[in-house]
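> Below is the sequence, then the predicted model.
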Amino acid sequence: MSTAEIDSTHPLELDQPRFSVKNPEARYDKQGDLSDAQRVETAMRYFVKDFGAVAATYLESCIHCGMCADACHFYVATEDPKYTPIWKLEPFKQAYKREAGPFAAIYRALNLKKKVTVEQLEAWQALIYDSCTLCGRCTLICPMGIDIASLVGLARHGMNQAGLVPHELWAVAERAQREGSPLGATPKVFKDRCEWLADENQVAIPVDKAQADVVVTMSSIEIMKYPDSIVATAKILNHLGLNWTFRSDGYEATNFGMLSGNSAWQQEASMKLIHATIAAGAKLLILPECGHAYGAMRWQGANIYGKPLPFRVLHISEFLAENTKNGAIKTKPLGKTLTFHDPCQISRRGGAIEAPRDVLNGLGAALIEMKDTKGVNWCCGGGGGVVTIHRADPIRYKAFQIKMKQVDDAGAELLVSSCSNCRQTFDDGQNHFHWDKTMLSLLELVADNLEDK
Amino acid sequence: MDLLQFARGPALTWAATVFMFGITWRLVGILLLKRSPDFSEARNATSWLGAVKLIITRSWPRREFRQRTLFAQSLGYIFHVGLVIILFGFAPHILFFKALTGLGWPNLPSAFIQLTSGITLAALIVVLVRRLSHPVLRLLSNFDDYFSWLVTFTPVATGMLAVAHFGARYETLLAIHLLSVALLLVWFPFGKLMHSALIFISRGTTGALFERKGASI
């Protein structure tokens, strides 16, 4: 299917509370004109393309104990066994054993593992995309230590190349690749927004400075839905007196290429940020309140670049924590209780677990931890691109109820996180359930409470 | 050559050969695959500590998961510990290992081994019933799961019968016991029983990768 056809058949709904395309009820979606046989062959080829010892170890090690189900919000919320995390990889396990494992020749000769069919892949589309946020909670329970989320990521590579991605996710990924943003935050829109926000808020927002020590990026969700984040970022960096800039050639940190499984699009998006930071001669790249953007650049950026990056990469919460601890950021005491939702890709899988807590400590907030917190926190249910997929709404809302209970049980006055995708998922859940809790941004909380110099 | 001679001789010899060759083939087939270099700036330089940590700590569930996994984990511990006690605590087994390696150690009382065998078999039966009845396990299970269960259960059961001289001549029971062990050895490299080796590689891999990032393990 061409881009024009996608846009006319499934037009993007940018005015909705969250982006989507029409016709969300389709059982499974296809892109392109490949035959069924080609789709299967392509899916398997790209699944094993980036395959190495790590993925092989994992696929060899599963003992079918089923414990991963007990860590997955989609299984716990529905008790439907098909949402068992390792089951989401069944066709890929089957293909690995038959085509690539140490005993593949025996499996093929005796037909002990059947060839994967396109019907299987179509049926698994909803499991690989709709019901996996790549949150990696299952990795923490697996007695064999298998990182199931990373395998789902590899499976998405195959599904993407085979043209078997849910339409909404594919459409926003394609749009991000074509326009530079999944939500229409093109370079021109971004610059206009910065100019308007600077005027409106009487704050300097430098864009495209030729040289800067710090390059800052945003997520498209912030640019289009939470523009106060741009203002908050500017206020804090100006407060610190840093030589910083946004760059219109590298401002958008979300990476829908990665979420949809398109390695080439992922690479293109990451290289924009890397080139922009190098062009500015910056020593620091700050990533926005976005979970997957952190994983894409902090942990995968250098590997896409092919060598160590010539600058540091920090999530905004890490940057705030560093400057809170060294006394550069001074804030007025908040004087309220709050609970913090750990974004999976930043805390559990990214390792920046204590940074937001250091910031909250600096704010003088009385932090009430949720029952399962930090690395074992329950996912909001919207990560991994799931919040874009409308047909996934029913199970996503079920999973979100786990989160709501966690938050309610904590009993804090405020609810804070450091991921705009989580924030968007919470806003959607709040609206759906008429919930009385509103998700706040850590970044905006700091900016709103800066002490006057 | 009678059945016992066959079981003690060619059957065990060939089974041990398949066992050794199969394990080597499978491990080499995995470990020799490419490992991409990681150019990202490590949060923790000593990633091997994470490997050691995960290998040890994943042996029991985290507090957050304990309630949902306690039964399965306890069951697993019961039959795994039972198998170890039987394999390394029973006097005839120790004599076998001594003949093979020259190493010996004190044995446990035979009655204790019989009791342990009974508990182990009971636990394995519960494991099977659970696999057949739990919706998640039933969905995940394939031939490997059931056959691996069978080749684990049979040596314990036949061993108990041989010690008790129950059901047939001792020589016949012993031969059947040895043949069941041979079957276990032959199947070992091909199925999930390999987890006894892979558990260290898999846990160690994740532990090292995650420690490097400071991610939760």
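Alright, I've got the coordinates.
> touching chain A at all, the longest helix along chain B?
Longest helix of chain B, by residue count under DSSP state H: helix B:63-89. Yes. Judged by CB under 8 Å from any CB of the partner chain, helix B:63-89 and chain A are in contact via B:64-65, B:68-69, B:72-73, B:76. C-betas here are computed from N, CA, C, even on glycine.
> List the buried residues in the next helix or strand after that helix.
For helix B:63-89, the succeeding helix or strand toward the C-terminus, using DSSP states H and E, is helix B:91-101. Burial within helix B:91-101, assessed by neighbour count using 16 or more other CB atoms under 10 Å in any protein chain shown, is assigned to B:Ile94.
> Check stretch A:390-403 too.
A:390-393, A:395-400, A:402-403.
> So which of those residues belong to helices?
By the criterion of DSSP H, membership of the buried residues of stretch A:390-403 in helices covers A:393, A:395-400, A:402-403.
> Next, the buried residues of the longest helix of chain B.
Of all the residues in helix B:63-89, those buried under the rule 16+ other CB under 10 Å are B:64-65, B:68-69, B:72-73, B:76, B:78-79, B:82-83, B:85-86, B:89.
> now swap in stretch A:364-378 and tell me
In terms of neighbour count (16+ other CB under 10 Å), stretch A:364-378 has its buried residues at A:365, A:367-368, A:370, A:372-373, A:375-378.
> which SS class is A:Val313?
Taking DSSP: H, G, I helix; E, B strand; the rest coil as the rule, one finds A:Val313 in the strand state.
> My guess is it contacts A:Met297. True?
Yes. Checked against CB atoms under 8 Å, the pair A:Val313 and A:Met297 is within contact range at 5.6 Å.
> Compute the number of surrounding residues for A:Trp196.
Summarising burial for A:Trp196: neighbours were counted as other CB atoms under 10 Å in any protein chain shown, giving 12.
> B:Arg66 versus that one, what's the distance?
53 Å (CB to CB, to the nearest Å).
> hang on, the earlier thing: and of the ones in helices among the buried residues of stretch A:390-403, the nearest to chain B?
Of all those, the one sitting nearest chain B is A:Ile402; the distance, using CB to the nearest CB, is 12.4 Å.
> Surely the closest one and A:His73 touch.
Yes. Between A:Ile402 and A:His73 there is a contact at 5.4 Å, judged by CB under 8 Å.
> who touches both of those two?
Contact with both A:Ile402 and A:His73 is made by residues A:Trp378, according to CB atoms under 8 Å, 6 or more residues apart in numbering or on different chains.
> mind giving me the domain ranges of chain B?
By the assignment in automatic domain parsing, chain B contains the domains B:1-18+B:142-217, B:72-121.
> Spatially nearest residue to residue 203 (excluding sequence neighbours)?
Reading this off chain A. With CB to CB, 6 or more residues apart in numbering or on different chains as the criterion, A:Val203 has its nearest non-adjacent residue at 5.0 Å, and that residue is A:Ala234.
> not what I meant, chain B
Of all residues not flanking B:Arg203 in the chain, A:Gly145 sits nearest, at 3.5 Å (CB to CB, 6+ apart).
> wait, doesn't the one you found sit right on B:Arg58?
Yes. Distance between A:Gly145 and B:Arg58: 5.5 Å, which falls inside the contact criterion (CB under 8 Å).
> what's the overlap in contacts for those two?
Taking CB under 8 Å, 6+ apart as the contact criterion, the common neighbours of A:Gly145 and B:Arg58 are B:Arg203.
> Which of those two has more residues huddled nearby?
A direct count of neighbours by other CB under 10 Å for A:Gly145 and B:Arg58 places A:Gly145 higher, at 28 against 21.
> Phi and psi next, for the more buried one.
phi 70, psi 20 (degrees, to the nearest 10).
> Model confidence for it, exactly?
Confidence at A:Gly145, expressed as pLDDT, is 97.
> which phi and psi does B:Gly9 have?
phi -100, psi -100.
> What is the burial count for the nearest residue to it once chain neighbours are set aside?
Closest residue in space to B:Gly9, ignoring its immediate chain neighbours: B:Met1 at 7.2 Å, by CB to CB, 6+ apart. The number of residues packed near B:Met1 is 9, by other CB under 10 Å.
> just checking, B:Met1 touches B:Ala11?
No. Assessed by CB under 8 Å, B:Met1 is found out of contact with B:Ala11, at 10.5 Å.
> For the spatially closest residue to A:Asp448 that is not a sequence neighbour, give me its contacts.
Spatial nearest neighbour of A:Asp448, excluding adjacent residues (CB to CB, 6+ apart): A:Ala232 at 7.4 Å. A:Ala232 is in contact with A:441, A:443-444, A:446-448, counting by CB under 8 Å, 6+ apart.
> which residues touch the residue in the stretch 101-250 of chain A positioned nearest to chain B?
Using CB to the nearest CB, A:Pro102 is the residue of the stretch 101-250 of chain A that sits closest to chain B, at 2.8 Å. Listed by CB under 8 Å, 6+ apart, the contact partners of A:Pro102 are A:60, B:25-26, B:28-30.
> Recalculate using a threshold of 10 Å.
Contacts of A:Pro102 were listed using CB atoms under 10 Å, 6 or more residues apart in numbering or on different chains, and they are A:56, A:60, B:22, B:24-30, B:32-33, B:189-190.
> Kindly reformat those residues as CSV containing pLDDT and secondary structure.
Putting those into CSV (pLDDT from 0 to 100; DSSP: H, G, I helix; E, B strand; the rest coil) gives the following:
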residue, pLDDT, secondary structure
A:Ala56, 94, helix
A:Glu60, 96, helix
B:Gly22, 97, helix
B:Thr24, 97, helix
B:Trp25, 97, helix
B:Arg26, 97, helix
B:Leu27, 96, helix
B:Val28, 96, helix
B:Gly29, 93, helix
B:Ile30, 93, helix
B:Leu32, 91, coil
B:Leu33, 89, coil
B:Pro189, 97, coil
B:Phe190, 96, coil
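> list residues touching both of A:Val313 and A:Met297?
Common neighbours of A:Val313 and A:Met297 (CB under 10 Å, 6+ apart) are A:273-274, A:277, A:285, A:287, B:40.
> Narrow the residues you listed to just the buried residues.
Restricting these to buried positions leaves A:273-274, A:277, A:285, A:287, B:40, with burial counted as 16+ other CB under 10 Å.
> if we can go back for a sec, give me the more crowded residue out of A:Val313 and A:Met297.
Residue environment comparison for A:Val313 versus A:Met297 gives the larger neighbour count to A:Met297, 28 against 21, counting by other CB under 10 Å.
> For A:Pro206, see how far away the more buried one is.
21 Å.
> repeat for A:Ala399
40 Å.
> again, but for A:Glu79
Following CB to CB, the distance that separates A:Glu79 from A:Pro206 is 52 Å.
> The two - which one has more neighbours?
Comparing A:Glu79 with A:Pro206 by neighbour count (other CB under 10 Å), the higher total belongs to A:Pro206, at 17 against 10.
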